[in-house]
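> would you be able to build a 3D model of this:
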Amino acid sequence: MNVRTSQANNVTTGRIYQSVIEKERRGEFLGKTVQVVPHITNEIKERIQILGKGGDYDIVITEIGGTVGDIESLPYIEAVRQLLWEVGEDNGIAVHLTLVPFLSAAGELKTKPTQHSVKTLMESGIKADILVCRTEHEISNDIKRKLALFCNVKQEAVIQSIDASTIYDVPLLMQEEGLDKVALKKLALPDEREPDLERWKQFLHRHKHPKSKVTIGLIGKYVELQDSYKSILESFIHAGASNEVKVNIRTIHSEHISENDVDKKLMGLDGILVAPGFGERGIEGKILAVRYARENEVPFLGICLGMQMAVIEFARNVLGFQSANSTEMDLKTSHPVINLMEEQKSVTDMGGTMRLGAWDCQLEKNTLVHEVYGQTEISERHRHRFEFNNAYKTQMQEAGLVASGFNPKTGLVEVVEIPSHPWFIGVQYHPEYKSTVADPHPLFVGFVKAVLAQKQQQTNASLA
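The predicted structure follows:
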């Protein structure tokens, strides 16, 4: 949506309970017994309304995960019931997302699951104002009338959400169904302007009609959990559309890469991205992937742990420090080129204590990363404990690994690159967290552009 988000945009059950316990410890409840109602539900309501209290937004959309009837969801359902009662029907609506399954044996869509789901929701005191129906097949007007009648909603408020070829089709499909107009009407808000979705449509056209294609290897250790790299995968879609390129991602488990088969597993890739992560599992495979990219001049992007692996690989194979490592992996390494951040050395509680959030970064002029961003001062989001060890900075730079971005206050190295390589950048931060349809991240755009240029150059050379 091209909207900047913060910690206030996401709330977990753990945070809710932690906040309530801390309030009790401070004596805010005056010795009363802490209960789900009202203490937990009040905390949930407060979190829901935080964004609206600042005056920056007219509407706050809150999604409750899970399924109606889940034990985990009950406090949230109760909190929403209370909130809807408190704000009034013109200031709050309940949109119920529900499945309308297709039974192939009978050849028809079944509405019973939706009826039961709505009934369960009503037993909790919430009446659905709008039904958004997930479906594999078109929902007929007869089915919409049936759902409207049995679920006590107007027919115009039964919205079909049919399977789409890409999630980026969904806003346009929802607009066709009139979801925006129904919601505005129920909230008694003016409906005087047509939304301007021209840029969105242009993005979709470029995404669906690419002029070229490239294959990029994503080297990670959580590849069996695709959502672990969801932001990275979406960033490649944004950058691909920007370059009118179809980016095919080949996920490769770093734990399965060895010296004997690294060439075979990475051969044919147009670009290589070494993904973020924690812990020592699969580390050597990532280092081998970095070396392959460096020595074979394959465009490379390393993110967070991926950047750290690039530093370790360079120290081992260019500087000759065979035992070089991160103290995260080897506390006794004789060459800790990646070390624990100074402010992290006294941390004993691991949860939520990493270097988090947006931090400033100063980019050196006349470097590749400066060319990519087109500016010298940037701000990027972080999530890490370990850092580039500045004790090795001079040796690294003299050997060809340049520190091209750093925190202006602490001197922490945020970006490294190899000028002699066609395109080789490692960043300590997470650029994927800021990429959007309307504003694809320049690092991903630049990476995909370089991958395409390298592929076209190699193709032309082979044809010559």
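
> and the pLDDT at residue 346?
The per-residue pLDDT reported for residue 346 equals 51.

> check the one 3 residues further on too.
Residue 349 is assigned a predicted lDDT (pLDDT) of 50.

> could you list the buried residues of the lowest-mean-pLDDT helix or strand in the chain?
Each helix and strand of the chain was given a mean pLDDT (mean pLDDT, DSSP states H and E); the minimum falls on strand 355-363 at a mean of 84. Of the residues in strand 355-363, those buried by neighbour count under the rule 16 or more other Cβ atoms under 10 Å are 355, 359, 361-363. Any C-beta I mention is one placed from the backbone N, CA and C, and that applies to glycine too.

> after that strand, which helix or strand is next?
As assigned by DSSP states H and E, the chain's next helix or strand after strand 355-363 is helix 368-373.

> just checking, what packs against that next one?
Helix 368-373 makes packing contacts with strand 355-363, strand 402-406, strand 413-417, strand 424-427, helix 442-463 when contacts are defined by 3 or more Cβ pairs under 8 Å, 6 or more residues apart in numbering; DSSP states H and E.

> ok, 6 Å please
Using 3 or more Cβ pairs under 6 Å, 6 or more residues apart in numbering; DSSP states H and E as the contact definition, the elements that helix 368-373 packs against are helix 442-463.

> so where's the protein uncertain?
Counting by pLDDT under 70, the chain contains low-confidence ranges at 341-355, 464.

> picking up where we left off before, would you turn the buried residues of strand 355-363 into CSV with distance to residue 389?
Supplementary listing: those in CSV, determined by distance: Cβ to Cβ, whole Å:
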residue, distance to residue 389
355, 15
359, 18
361, 18
362, 19
363, 21
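
> the least confident helix or strand of the chain vs strand 413-417, what angle?
50 degrees (axes from the mean of the first three to the mean of the last three Cα atoms, to 10 degrees).

> show me what strand 355-363 is in contact with.
369-370, 376, 378-384, 405-406, 408, 414 (Cβ atoms under 6 Å, 6 or more residues apart in numbering).

> same thing but at 8 Å, please
Contact partners of strand 355-363, identified using Cβ atoms under 8 Å, 6 or more residues apart in numbering, comprise 341, 343-344, 369-370, 373, 375-385, 404-409, 414-415, 429.

> C-alpha coordinates for that strand, CSV please?
Listed in CSV are the C-alpha atoms of strand 355-363, where the atom choice follows Å, rounded to 0.1, in the frame of the first residue of the first chain:
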residue,chain,number,x,y,z
ARG,A,355,19.4,-4.0,17.0
LEU,A,356,15.9,-3.3,15.6
GLY,A,357,14.2,-0.6,13.6
ALA,A,358,15.4,2.1,11.2
TRP,A,359,19.0,3.4,11.4
ASP,A,360,20.8,6.0,9.4
CYS,A,361,23.5,5.0,6.9
GLN,A,362,26.1,7.2,5.2
LEU,A,363,27.1,6.0,1.7
